[in-house]
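1. The following comprises the amino acid sequence and a computationally predicted model.
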Amino acid sequence: QKEVEQDPGPLSVPEGAIVSLNCTYSNSAFQYFMWYRQYSRKGPELLMYTYSSGNKEDGRFTAQVDKSSKYISLFIRDSQPSDSATYLCAMSAISGTYKYIFGTGTRLKVLA
Amino acid sequence: AAGVIQSPRHLIKEKRETATLKCYPIPRHDTVYWYQQGPGQDPQFLISFYEKMQSDKGSIPDRFSAQQFSDYHSELNMSSLELGDSALYFCASRDRGRGNTIYFGEGSWLTVV
């Protein structure tokens, strides 16, 4: 079993929909959580980061962390066709190296 | 703002050849990571360097080696290349001042033929 599980999708939604992307994890030591957006053949672009539990909002994006359930989410409001990409969650324990473990990524397609 | 710079962006090598990828991290970032991403796969951690010392090792083949130099740039050396090494190789650097976030370069596409 992988340390980080993420539904690969693809997920297709109409423009303007609210998108919910999720990851579960097994390592209770994970404290840093990030969401990246990756367009085809491009480097992952950092969208959101959170430390420990709670919510964080940035524009149309909201990141949630529920450490008790080992579950993190990324919500995208008013989704746009330009949001069509692969979304990767990543997480790390508190350690000297802060090695990040990635989910497999969820491919999102927002239909105009 | 400065980003992580990787070179070359694309390279084609034959089996059993050697390739070297370079990474220039964002200034003042103290940790450099190398990841390998195959088609349709998530990034797989290879190796990391903290202040020029190897800090962690992942699924890096013995045919690969890496180092970080005094100017903080890093190089990934890959020898005896195999077809399965064809992938996108990312370098990332860590910002301790911003939630230990890591920022990726645009990647180096390696095709082994």
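-> Received it, and whenever you're ready, just let me know what you need. Everything numeric here is computed off the predicted structure, so don't read it as measured data. Residues are numbered from 1 along each chain as shown, chains lettered A, B, ... in the order given.

2. Residue numbers of chain B in contact with chain A?
-> B:4, B:31, B:33, B:35, B:41-43, B:45, B:48, B:50, B:55-56, B:58, B:88, B:90, B:94, B:98-107, B:109 (Cβ under 8 Å from any Cβ of the partner chain). Placement of C-beta: from N, CA and C, glycine included.

3. In ChimeraX, select just the buried ones from those.
-> Per 16 or more other Cβ atoms under 10 Å in any protein chain shown, the buried members of the residues of chain B next to chain A correspond to this ChimeraX selection:
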select /B:4,31,33,35,42,43,45,48,50,55,56,88,90,94,99,100,101,102,103,104,105,106,107
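
4. How far off centre is stretch B:43-61?
-> Chain-centre distance of stretch B:43-61: 9 Å, with Cα atoms, centre = their mean, to the nearest Å.

5. Grab the CA positions of it and hand them over as CSV.
-> C-alpha atoms of stretch B:43-61 as CSV (Å, rounded to 0.1, in the frame of the first residue of the first chain):
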residue,chain,number,x,y,z
PRO,B,43,7.1,12.0,-9.1
GLN,B,44,9.3,9.5,-7.5
PHE,B,45,11.9,10.8,-5.1
LEU,B,46,15.5,10.0,-6.0
ILE,B,47,17.9,11.9,-3.8
SER,B,48,18.2,15.1,-1.8
PHE,B,49,21.0,17.4,-0.6
TYR,B,50,21.0,19.6,2.4
GLU,B,51,23.7,22.2,2.5
LYS,B,52,25.7,20.3,-0.1
MET,B,53,25.6,17.0,1.8
GLN,B,54,23.5,14.1,0.7
SER,B,55,20.5,14.1,3.1
ASP,B,56,18.2,11.4,1.9
LYS,B,57,18.1,8.7,-0.7
GLY,B,58,15.1,7.2,-2.4
SER,B,59,14.6,4.9,-5.4
ILE,B,60,17.7,6.0,-7.1
PRO,B,61,19.4,3.2,-9.2
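
6. What's the mean pLDDT across stretch B:40-50?
-> Stretch B:40-50 comes out with an average pLDDT of 89.

7. Same question for stretch B:66-83.
-> The average pLDDT within stretch B:66-83 is 96.

8. Alpha carbons only: can I get it in PDB?
-> The C-alpha coordinates for stretch B:66-83 follow below in PDB (Å, rounded to 0.1, in the frame of the first residue of the first chain):
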ATOM      1  CA  ALA B  66      24.400  13.100  -7.800                       C
ATOM      2  CA  GLN B  67      26.200  15.800  -6.000                       C
ATOM      3  CA  GLN B  68      25.700  19.400  -4.900                       C
ATOM      4  CA  PHE B  69      28.500  21.800  -5.500                       C
ATOM      5  CA  SER B  70      29.900  24.800  -3.500                       C
ATOM      6  CA  ASP B  71      27.700  27.200  -5.500                       C
ATOM      7  CA  TYR B  72      24.700  25.000  -4.500                       C
ATOM      8  CA  HIS B  73      24.000  23.800  -8.000                       C
ATOM      9  CA  SER B  74      23.400  20.100  -8.300                       C
ATOM     10  CA  GLU B  75      24.100  17.500 -11.000                       C
ATOM     11  CA  LEU B  76      22.500  14.100 -11.600                       C
ATOM     12  CA  ASN B  77      24.700  11.700 -13.400                       C
ATOM     13  CA  MET B  78      23.100   8.700 -15.100                       C
ATOM     14  CA  SER B  79      25.300   6.000 -16.600                       C
ATOM     15  CA  SER B  80      24.600   2.800 -18.500                       C
ATOM     16  CA  LEU B  81      21.300   4.200 -19.600                       C
ATOM     17  CA  GLU B  82      18.400   1.900 -20.100                       C
ATOM     18  CA  LEU B  83      15.200   2.400 -22.100                       C
END
